Each structure stands twice: as structure tokens, then as C-alpha cells.
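Engineer: Just the structure for this:
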Amino acid sequence: MATTRPSAGEWAALAAIVAGALALRLWNVSELAAHDPFFARPSVDELMYHEWAQEIAAGDWRGDQVFLNGPLYPYLLGGLYALVGPSVYAARAGQALIGALSCVLTWWVGRRRFSPAVGLGAAALVAASRMLIFYDSVLVADALMVPLALLAAAAAIAAFDRPAPGRWLGVGIASGLGALARPNLLGIGALCVAWAAMSRRDQPLAVRVGWVAAFALGGLVCIAPVTWHNYAVSGDFVPITYSGGLNLFIGNNPDANGTFSVPRLFPRSAADDPWEQRAAFERVAEQSVGRELLPSEESRFWSARALQFARQYPALEAHLLWHKLEIATNAFEPWNIRSAVLARESSAVLRLPLIGFGLIAPFALAGILLTAARWRELVPLYAVLATILATLLVFFVLARYRIPVVPVLALFACAGVAEAAKRLRARAPRGVALAALVTALAGVWSHREVMRDDLSIAYYNLGNRYKDLADWPRAIESYRRVIEARPNFVSAYNNLALVYEATGDHDALARATWERVRELGDAQRLPKYADRAERHLRALAAFGEETRE
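Structural biologist: Take a look at the predicted model:
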């Protein structure tokens, strides 16, 4: 553990790493601006946050609804829009800067708990992490999760080293800010202060209670204004958001597959529109209960449905939890908004041989074993890993929910390599062979195929964007890729038929596609699609008769 001031060489190395991280992220933003059809016209969650931020920038900072999503990101984005206008380029560039600064936090934590070399090595891995670079360019709250998780861990390290109420107040504030982006981040500081209160028996009970009280006060200072907002607009007590029950059900129901998947009782389109998803959950819950529900009641309704599934089908729930663990520790990167695989087509940066989860995680596990003798010092790092893993297992696994562990895994990976080298130099190889075996086994484990990457929805969203841009050839190609993977996906046929009509050169294909839409609409009991297909077929027939005349 380094306690000395950084040398000039260490500062220079850190500056080079940060500059490299920023260069990669800004280059990626520039590439996406030039080649990605989603860049200037956000969709799905990006569109939701973009529109929300514009409302805030326009002066509607209060809003009139209980928060479904954490408010910190849209308010920061709204503040930026108020200064520079609703520029998605500026927003993405700002996130690139935040991502580069995460390297500084990684370095600080690394040198405080391991060594300057470990801190710099981990910062370099963070700088070159593919998924961190990717999500630093996506307009979602997860862009803040990495620095906020690191900030909570850093504050906890400072409090562990020199316990004082003021420092635990700082941990509460850091964790509270994290919770405003994603409520589960509150767990990082909570685990740390709980461990400190229980383990530091050398301190009087009153002192330890004071630490907990200071932490709670810090968290309350951040969260209370949001709780008051929710109560003011609804008369309902919702501390931060009411999405917990909804997400719990998405992750624990008969249709759940371990990652984000819309249950069959909701329309498939609910996956692509956050507002439609919100309305669908509300509609089904209120129809089941027979009355209007407050947001907290709606959340409890879906929590109860998820728990009912777990009680009725314990074997299925156990299998689902195991599958989530497999996905959470796998190199596969589950997505639900933007696919990093598809984004590579638009960015030369993402096509570089960058660092992936599957490379860092096996070495990190070996590092955790090799540094286990110092486990008490490393509780803040364990708290980050435990909080994120528990969230993934309880709810569902997504790459963007997993990214806060990447810096911590990078720290353990570098610490493991440093510890192994130290033991080998001292001719004390005890444990190194075991760590090497663990790394190899973990590498095999993390690279097993646990689920296939279904890009059909990614291509569907891509086709929709090309349709909006009137880029008919690319729209047609995208929809055809969807249909190859999902031959019964009525929405893809519907939009493909619209594109065929819009070109004016594919009337026969348009008719054949509308006939398929009508067939699927009838078979899947989706009358709006069947009726639409019938209208378009009649119009095409009438147009054909006029042309012949």
C-alpha cells in the first residue's frame, strides 16, 4: 500500500494514461458521429434521457411524475443542455471526459490499497476497456455508474484508514449520489459502514454508531430531495424510483432467460419504448387489482408476482439464478439498448483489439486469491463486486449493469500479477501455481457459450433508423437479417412492407410482405397488424388497377 506522494514519473505515466483514454473515447465519438445512424437521432432509452434532459433545460426541472429511473443522469444532462444546447455530440464528448477521469479514480484506489504500479496498470486497462469506451458514448445513466462506484469505494477506503464521522459522511454522500443514478449503488457504502461498525471492536459502541449515523445522514442529504419530489407529485412515498418491482419481475418470471427479456403478457414493442413499457406494466397491474395503483403499489404488485414465481417453482428459480451467475461471469456481453457488436461496424476504435471482460476476470480471480491475506483492507473493493453481482443475480444480467466491476477486476488482476512476480522473485512460489491453475480454469469457464448473441432486435432497431433516414437499401437489408433470425417477427415484416412501398419499385414484394403480415397478425391474434395489412393490400390493388387503366 503506497503512502508516499506520487513521483514525477508516476504523475507523467498517469497523465499519459488519461490522455490515451480520452483520445480513444473522443475518437470513438467522432467515428460514431460519422458512421452511426443512431448518433444524431437517439432511440429507446437514449431518446428518453435526451427528451427528459431537454425538458429540464427548458425549465421544467420539477416534472409531474414519480421517477421511474434514477434522476441524476438526466438532470446532469439537462444542465449541460442548458449551457450548450441539446447537443448529443457535446453530451457524448462530456461522457468521454468522465470516462477518462475514471482512470484517475482507479489509479488512486490502486495505489492506496496495492502499489503505484498496480494503480497505473489497472488505470491503463480501464482506459482500453472496450465496453467502457462503448458505454461512455451511449446516452444512458450507466455512463456514470463506473466513476460513482469508484468514488464510493475511494471514500470508504479513506474512512477505513482514518475513521471519523466526517469521512463516513463522505461515504454516505458518495453512495447517495450513486443511488440517484442507480439505486443499487447505495449498497457499496452500506456494506462498508456495516462491516466497519461490526469489526472495529477496538472502538466504543457510541463511536461506531456515530459512523453509521454519519453515513445515513450523507445518504439522506442526497436522497431526501428526490423522495420529497416523488411525494409532492403523487402523495406516494417512493424513496428514489419505483422500477424495482418491475425489474424484479422481468428477471424472475416463467419467460425469464437471465438477461433482459419482455414477458409474454406484454407486447414485444414494450422492449423498445420505455414509456410504453411503463404503461404496459401499469395497465396489467391495475387490471389485475381492479383499481388505479400508486407507483409504490405497482412496484409491490410486480415484486409479489416475482416472489410468487420463485415460491411456486423453486427448481426453475434455482436454475435461473445459476444461469444468471453463468452469464454474469461470462465473456458474453448481454445488451438491450445498443449492441457493441453492431456498433463496431460504425467505429474503427471498437474494432481495435481492446480489453474485454473475458480477459480481465480470470486474472482478477487469481488476484483475489493471492491477496486474500489482506482481505480486511480490501473490503471496499469486495463491496463493489458483491453489490453488482447481487444485483445481477436478483434482477437480470446486462453488460451495462456489469461495467462498474471492470475497474475493480482490473485492480485485482494487476495486483495478482504483481503478487505472483513478488513471490517468484523471493523464491516463495507458494500459491502461485494454484493461482495460475485458477486463471486457466476461470478462462475456460468465462469463455464457454452460455447463450447466443441474438442480434435480430439490434438489426430491427437499425432498420427502423435507416427507414427514418429514407435509406431504403440499408433498411431492407437490416429487416431481412431480422427475418432470417426470427421468421415470425410481425413488426419486422410490417416495416419491411412499408419500406418496399416507399421505394415505389417493389410493389410485388410489398404485396407479398403485406400478405405475410396479415397471416402473422391473424395467427398471433394481433388485429392491428392484420387490419393494417388488409388496408395496404387494398390500396396496392387499387393503385395497380389505376396504373393498368
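Engineer: Pull the residues that contact stretch 386-404.
Structural biologist: Applying CB atoms under 8 Å, 6 or more residues apart in numbering, the external contacts of stretch 386-404 come out as 131-132, 135, 138, 140, 142, 145-146, 148-150, 182, 184-185, 187-188, 191, 247-248, 250-251, 256, 258-261, 321, 324-325, 327-328, 333-337, 340, 357, 384, 405. C-beta: built from backbone N, CA, C; applies to glycine.
Engineer: can you give me how far it is from the chain middle?
Structural biologist: Here the centre of stretch 386-404 is set off from its chain's centre by 8 Å, with CA atoms, centre = their mean, to the nearest Å.
Engineer: so for that stretch, what's the average pLDDT?
Structural biologist: Computed over stretch 386-404, the mean pLDDT rounds to 95.
Engineer: same question, stretch 518-532
Structural biologist: 86.
Engineer: buried set for it?
Structural biologist: R518, E519, L520, G521, L526, Y529, A530, R532 (16 or more other CB atoms under 10 Å).
Engineer: Closest one of those residues to L437?
Structural biologist: Nearest to L437 out of the buried residues of stretch 518-532 is L520 (CB to CB; 52.4 Å).
Engineer: my read: that closest one touches P527, true?
Structural biologist: No. With contact defined as CB atoms under 8 Å, L520 does not reach P527; the gap is 11.8 Å.
Engineer: rewinding a little: can I get the buried residues of stretch 518-532 in a markdown table including distance to D45 and secondary structure?
Structural biologist: As requested, the buried residues of stretch 518-532 are arranged in a markdown table below (distance: CB to CB, whole Å; DSSP: H, G, I helix; E, B strand; the rest coil):
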| residue | distance to D45 | secondary structure |
| --- | --- | --- |
| R518 | 32 | helix |
| E519 | 33 | helix |
| L520 | 28 | helix |
| G521 | 28 | helix |
| L526 | 25 | coil |
| Y529 | 25 | helix |
| A530 | 30 | helix |
| R532 | 27 | helix |
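Engineer: I'd like to know how far R486 sits from L320.
Structural biologist: 23 Å (CB to CB, to the nearest Å).
Engineer: Settle it for me: which of the two has more neighbours?
Structural biologist: Neighbour count, other CB atoms under 10 Å: between R486 and L320, L320 has more, with 22 against 18.
Engineer: Look up the pLDDT of that one for me, please.
Structural biologist: L320 is given a pLDDT of 95.
Engineer: Show me what the longest helix along the chain packs onto, helices and strands only.
Structural biologist: Assignment by DSSP state H gives helix 205-234 as the longest helix of the chain. Secondary structure elements in contact with helix 205-234, counted by 3 or more CB pairs under 8 Å, 6 or more residues apart in numbering; DSSP states H and E, are helix 165-181, helix 186-199.
Engineer: hmm, try it at 10 Å
Structural biologist: helix 72-84, helix 142-161, helix 165-181, helix 186-199, helix 295-312 (3 or more CB pairs under 10 Å, 6 or more residues apart in numbering; DSSP states H and E).
Engineer: hang on, the earlier thing: a markdown table please, covering the buried residues of stretch 518-532 and showing distance to W302.
Structural biologist: Formatted as a markdown table, the buried residues of stretch 518-532 follow (distance: CB to CB, whole Å):
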| residue | distance to W302 |
| --- | --- |
| R518 | 35 |
| E519 | 34 |
| L520 | 29 |
| G521 | 29 |
| L526 | 24 |
| Y529 | 28 |
| A530 | 31 |
| R532 | 31 |
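Engineer: quick revisit: let me see the mean pLDDT of the longest helix of the chain.
Structural biologist: 95.
Engineer: likewise stretch 349-366?
Structural biologist: 95.
Engineer: List the buried residues for it?
Structural biologist: 349-350, 354-366.
Engineer: and which of those is nearest E477?
Structural biologist: So of those, ranked by how close each gets to E477 (CB to CB), first place is L350, at 20.6 Å.
Engineer: Please give me every residue in contact with the closest one.
Structural biologist: Listed by CB atoms under 10 Å, 6 or more residues apart in numbering, the contact set of L350 reads 24, 28, 31-32, 130-131, 133-134, 137, 340-344.
Engineer: Filter those residues down to just the buried residues.
Structural biologist: L24, N28, E31, L32, R130, M131, I133, F134, S137, A340, L342, A343.
Engineer: Tell me which residue lies nearest the centroid of this structure.
Structural biologist: R400 (2.5 Å; CA atoms, centre = their mean).
Engineer: pretty sure that one belongs to a helix, no?
Structural biologist: Yes. If the criterion is DSSP: H, G, I helix; E, B strand; the rest coil, then R400 is within a helix.
Engineer: what about it, distance to G176?
Structural biologist: Taking CB to CB, one finds R400 at 21 Å from G176.
Engineer: count of residues packed around S7?
Structural biologist: S7: 10 surrounding residues under other CB under 10 Å.
Engineer: Please shift the residue numbers so they start at 31 in all later answers.
Structural biologist: All set: I'll call the first residue 31, so the last point we hit is now S37.
Engineer: Isn't G100 up against W82?
Structural biologist: No. G100 is not in contact with W82 according to CB atoms under 10 Å; the separation is 11.4 Å.
Engineer: Give me the more crowded residue out of the two.
Structural biologist: G100 (23 against 20).
Engineer: for that one, what are its contacts?
Structural biologist: Counted by CB under 10 Å, 6+ apart, G100 has contacts 171, 174-175, 208-215, 256, 270-271, 273.
Engineer: How is it assigned, secondary-structure-wise?
Structural biologist: coil.
Engineer: can you check D232 too?
Structural biologist: Going by three-state DSSP: D232 is coil.
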